[in-house]
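Chemist: Let's see this in three dimensions:
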Amino acid sequence: MRRVCAAFGVTVLALACLAGAAEAANYKIIAPLKGKSRPDLPCCVGYNLFGPPSISGDFVVFTSRSGPADGIWSYQISTKKIRKLAGTETKIPGGKGKFTEFGFSTSAFPTTVGGETVAFYGWDKDRVFGLYTVGVRGGAVSLIASTRTRMPGGGSRIFKDLRHASTNGEIIAFYGLSPDNATGIFKAKVDGTGLKTVIDATDTLLDARTPNGPADDYFGLYSQPSVGKSDVTFYAGGLFDPVSGPNAVFREKGFADLSDNMTKLEGGGKAKHTRIFSASAAVGSSEIAIAADNPGTALYGLFKVKDLDFAAAYATTKTKIPGGSSLFFNFLGYGLDASGLAFTASYDQAGQLQQDVFFVDKPGGTIRRVARGADYYLPYVGDRSISQGRIVFTEGTNFADTFFLATPN
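Modeler: Numbering: from 1, shown residues only. Predicted coordinates:
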């Protein structure tokens, strides 16, 4: 949905069109799948993306659907080649028969990419599901874990549930649930070997910081792993008050507390409590970004964790949109790379809520508009939506017939 600027003799409209053209000049945007038919289906059936795509280097990865999500695909930017990596004709390693359905990016069963490895969830004919990997150029599919896999550490425990996944191309991490409902984070090599426990609430509880001193063994709800350059980070919530009590992001090595409920958010004034909603780790660096707020205040935004006591703001509800006087209203999706942060945000403009995609290279840096909602219907980015400065997004989060690739000029 592209805006066309007509030659009207109205100064305000002319200025708006010039502003839109200037913003568009920041990026060259193409729609690689637009008008293309799927080669694995009868004539003239197009791609139907289920969730936003992910990008790593020269490759964009996405889930497509014809009815249920039925295929994992990659698009190679340099050659424009589209490859089907797995589909309902693909035999399931460690499962029964062939895949019947796949996960998608906006769910707890995402399709994602890191390095040249694609991670995805799939189901077999008995509705047993698992986490799998495949190369961005295709090849053999590897099983990481399924709801028939024994949990590491010995014994007879089998994963009751699996969710989330993140990879840097060398290791893959995911959330797992034990038969007695203990949460944990687990990791393996991307070929499925070396399955290990990062942390398991069955035997490891972590301490929390509170204004009154340490709360021993408070954290025991672990989720949302993210794999950066060489390490796994994960989210931790409290056993007794997961909504407004202590919460934190930890790093696997030494279970270092990276950011928590006592981390000061830039722009938060004298607020005493921070609530973290999610985190994203950059594949090419040790940096992490968090979405967080100070409950009871108007501050919500995206922050770069500088140290345990401070997080610097990329953009918040106190930040003006580029080229305007409106403030950001909400942040809907984001992805972090060594080159910077891509994010979707909404704001009020003349009484109407607008949704655009933006980029900023660092906290305090110049925020650049990548895609305007007037040109693209509800443009949206997810995690792993940026690589080496290139950004991928969709119109909406489901039922999109293409993704868009934005390359900086």
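Chemist: just for this structure, where's the confidence low?
Modeler: Across the chain, the ranges flagged by pLDDT under 70 are 1-25, 105-106, 240-243, 399.
Chemist: quick one: the helices in it?
Modeler: Applying DSSP state H to the chain gives helices spanning 11-24.
Chemist: pull the longest strand from it.
Modeler: strand 215-227 (DSSP state E).
Chemist: Packing partners of that one?
Modeler: Under the contact criterion of 3 or more CB pairs under 8 Å, 6 or more residues apart in numbering; DSSP states H and E, strand 215-227 touches strand 161-167, strand 171-177, strand 183-189, strand 206-208, strand 232-238, strand 275-281. C-beta: built from backbone N, CA, C; applies to glycine.
Chemist: okay, the angle between the fifth one and strand 275-281?
Modeler: Interaxial angle of strand 232-238 relative to strand 275-281 (axes from the mean of the first three to the mean of the last three CA atoms, to 10 degrees): 170 degrees.
Chemist: picking up where we left off before, give me the sheet partners of the longest strand of the chain and which way each runs.
Modeler: strand 206-208 (antiparallel), strand 232-238 (antiparallel) (DSSP bridges).
Chemist: coming back round to it: nearest to Y218, of the helices and strands packed on strand 215-227?
Modeler: Checking the helices and strands packed on strand 215-227 against Y218 by CB to CB gives strand 206-208 as the closest, at 3.8 Å.
Chemist: contact partners of the closest one?
Modeler: Contact partners of strand 206-208, identified using CB atoms under 8 Å, 6 or more residues apart in numbering, comprise 199, 214-220, 236, 238, 245-246, 248, 250, 255, 257, 260-261.
Chemist: buried ones in that strand?
Modeler: L206, A208 (16 or more other CB atoms under 10 Å).
Chemist: how far does that strand sit from the chain's center?
Modeler: Distance, stretch centre to chain centre, for strand 206-208: 26 Å (CA atoms, centre = their mean, to the nearest Å).
Chemist: Tell me which stretches of the stretch 1-150 of the chain form strands.
Modeler: Ranges of strands within the stretch 1-150 of the chain are 27-30, 49-50, 54-56, 59-65, 69-76, 81-87, 101-102, 112-114, 117-123, 129-135, 142-146, based on DSSP state E, counting those that start in this stretch.
Chemist: Which of those strands sits closest to A371?
Modeler: So among the strands of the stretch 1-150 of the chain, strand 27-30 is nearest, using CB to CB, at 6.7 Å.
Chemist: Run the chain-centre distance for the closest one.
Modeler: Remark: strand 27-30 is offset 21 Å from the chain centroid, using CA atoms, centre = their mean.
Chemist: about what we covered before: looking at the strands of the stretch 1-150 of the chain, which is closest to A282?
Modeler: The nearest among these, by CB to CB, is strand 112-114 at 10.6 Å.
Chemist: Indicate each strand paired with the closest one and its parallel or antiparallel sense.
Modeler: Paired strands of strand 112-114, with direction, are strand 117-123 (antiparallel) (DSSP bridges).
Chemist: could you give the angle of the partner strand to strand 171-177?
Modeler: Counting by the same axes, to 10 degrees, strand 117-123 lies at 30 degrees to strand 171-177.
Chemist: so how far is strand 117-123 off the chain centroid?
Modeler: Distance, centroid of strand 117-123 to centroid of chain: 15 Å (CA atoms, centre = their mean).
Chemist: show me what contacts the closest residue to F343 other than its chain neighbours?
Modeler: Spatial nearest neighbour of F343, excluding adjacent residues (CB to CB, 6 or more residues apart in numbering): Y334 at 3.9 Å. By CB under 8 Å, 6+ apart, the contact list for Y334 reads S280, A289, A291, L302, L341, A342, F343, T344, V381, D383, S385.
Chemist: All good on my end, thank you.
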